[in-house]
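> Quick one, what's the 3D model for this:
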Amino acid sequence: PLARVPLDMDRFTGRSPGTPCRGSTHEGCYQSARLCPRIADCFRTAIFRRHFPLTTHITSTMTTESAISSIDGKNGILAYRGYSIEDLVENTTFEETAMLLLLGELPNKSAIDEFQKTLQKHYRVKYNIRNMMWALPPNGHPMNVLQGAIASMAPFYPESKKAAFETSEAQNALIHILSKMATLVAMWEHVRNGYDPVEPDPNLGYAKNFLYMLSGKEPSDELVKLFDACLILHAEHTINASTFSTMVTASTLTNPFAAISAAVGTLAGPLHGGANEDVLNMLDKIGEPSKAREYIEKRLEKKQVIWGMGHREYSVKDPRATILQRMIEDYVNKTGLKLSKRFETALEVERICEELLSKKGVFPNVDFYSGILYSEILKLPTDQFTPIFAVARSAGWLSHWEEQIEHNRIFRPTQIYTGSKFRKFPKL
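Predicted coordinates:
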């Protein structure tokens, strides 16, 4: 990758060091472009760009090797450590999936029991962080609060700055982050509404405890299974913007809290997280299934986005969207819950988009149905959708932190200078 290419142009030209510039071509500057009095011209030359190609947005750029997750976009397959997402949703809990991501193998019964007890032991958050939340404006976005809260955990665990792969300090830091993410999100929901947070219950599993902390009531087994599946579906998805933030920050050997805080800040951007909120807004604008075609055709005519449709990695329907759709239908059939027109409208939008866009490989992604599940079934505020995404994805981020630290080399991209030519400082 470009980030790891040294500035050594001699290997391309075969010229001896210090050869002077040859007019506009600057072919002799490659020992070190910094020695050329016309440095800006050197960096603009075609030969420099040919040997050091500019990758402007690093989309689809290979930046690392990873054994954590894989995507087969043509066949709609997502796998964690080789296990399909369908099998994991069907047969594991979020805690088991987190262990799989972190350790590389599925845990046995005694290991998962021990891991769950360790997480439960660390659900609680320092009262200082709760007091910090009380000092924040109640209209603060939950993602901003979550990012600050995670970063503020570092001073309470100063040993984490010495964390290295597989040390007890590292593992303790990872446990603190994973166990407390859900607590922090639930805390802010109460604090911003003027209420004291609901204390976590150390006897409950991860998904059940989170739903309990939000409402103060133990949720039904059906709701817990549904939410647990949502956490598994969002736990990991190869290298994306927030995961890359984790890796870049981790590569400096800072503490894990800083790395995960950086990831949360990246996920907060509207081009990464929050698309499920846009889907709900779109469905509300459409209103009912009969108006879907007119809405979609108008947006396509104006070359506008159909929210929740299409994914950079998939040319077929996102397997996570398929699972979420099925789970919504199963839950409604089982409980008799009556949904608003959003779900029927979403099904019609998908049908029309399949007719109009399938040849281009545009199908529903995970955000298309997750917002409906969160709002209609779990009754969650829309601005908490992305924080819940972060709670789940923390398992994947921490796995990539471990992988980066194990074979660490700092990310240090270079650039092509496009500023002013070399000039003397003027006399005043």
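
> for the residue nearest the centre of the chain, phi and psi?
For the chain, the residue whose C-alpha lies nearest the mean C-alpha position (C-alpha atoms, centre = their mean) is S242; its distance is 4.3 Å. For S242, the backbone dihedrals (degrees, to the nearest 10) come out as phi -70, psi -40.

> How much space separates it from A390?
S242 sits 8 Å away from A390, taking C-beta to C-beta, to the nearest Å as the criterion. To be clear about C-beta, it is placed using only N, CA and C from the backbone, and glycine gets the same treatment.

> what is in contact with the two at once?
Common neighbours of S242 and A390 are listed as A263, V264, L267, G273 (criterion: C-beta atoms under 8 Å, 6 or more residues apart in numbering).

> Could you provide the residues you listed in CSV, with additional columns for secondary structure, distance to I372 and pLDDT?
Below are the shared contacts of S242 and A390 laid out as CSV (DSSP: H, G, I helix; E, B strand; the rest coil; distance: C-beta to C-beta, whole Å; pLDDT from 0 to 100):
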residue, secondary structure, distance to I372, pLDDT
A263, helix, 26, 98
V264, helix, 24, 98
L267, helix, 21, 95
G273, coil, 17, 84
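
> Buried residues in stretch 94-103, which are they?
Taking 16 or more other C-beta atoms under 10 Å as the basis for neighbour counts, the residues of stretch 94-103 that come out buried are F94, E95, E96, T97, A98, M99, L100, L101, L102.

> Using PDB, write out every CA atom in it.
Only the C-alpha atoms of stretch 94-103 are listed here, as PDB (Å, rounded to 0.1, in the frame of the first residue of the first chain):
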ATOM      1  CA  PHE A  94     -23.500 -11.800  21.100                       C
ATOM      2  CA  GLU A  95     -21.100 -12.800  23.900                       C
ATOM      3  CA  GLU A  96     -20.100 -16.000  22.000                       C
ATOM      4  CA  THR A  97     -19.700 -14.100  18.700                       C
ATOM      5  CA  ALA A  98     -17.500 -11.500  20.500                       C
ATOM      6  CA  MET A  99     -15.300 -14.300  21.800                       C
ATOM      7  CA  LEU A 100     -15.100 -15.800  18.300                       C
ATOM      8  CA  LEU A 101     -14.000 -12.400  16.900                       C
ATOM      9  CA  LEU A 102     -11.500 -11.700  19.700                       C
ATOM     10  CA  LEU A 103     -10.000 -15.200  20.000                       C
END
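
> ok, and what's touching that stretch?
Counting by C-beta under 8 Å, 6+ apart, stretch 94-103 makes contact with 68-69, 80-81, 83, 88, 92, 106-107, 111-112, 115-116, 119, 174, 178, 205-207, 228, 231-232, 235-236, 392, 395-396, 398-399, 402, all of which sit outside it.

> redo that, cut-off 6 Å
The set of residues external to stretch 94-103 that reach it, using C-beta atoms under 6 Å, 6 or more residues apart in numbering, is 80-81, 88, 106-107, 112, 115-116, 206-207, 228, 231-232, 235-236, 395-396, 399.

> what's around E65, how many residues?
As a burial measure, E65 scores 7 neighbours (other C-beta atoms under 10 Å).

> pretty sure N255 contacts E159?
No: under the criterion of C-beta atoms under 6 Å, N255 lies out of contact with E159, with a separation of 9.2 Å.

> tell me the contacts of L88?
L88 is in contact with T97, I232, counting by C-beta under 6 Å, 6+ apart.

> What's the separation between it and K208?
Distance from L88 to K208, counting by C-beta to C-beta: 18 Å.

> tell me which residues of the longest helix along the chain are tucked away?
Of all the segments of type helix in the chain, defined by DSSP state H, the longest one is helix 168-191. Of all the residues in helix 168-191, those buried under the rule 16+ other C-beta under 10 Å are 169-170, 172-191.

> any low-confidence regions in the protein?
For the chain, applying pLDDT under 70 flags the ranges 1-62, 162-165.

> Do a quick rundown of the strands in the protein.
69-72, 77-80, 83-84 (DSSP state E).

> In its sheet, which strands sit next to the second one, and in what direction?
Read it as strand 77-80. strand 69-72 (antiparallel), strand 83-84 (antiparallel) (DSSP bridges).

> buried sites along it?
Residues L78, A79, Y80 are the ones in strand 77-80 that count as buried (16+ other C-beta under 10 Å).
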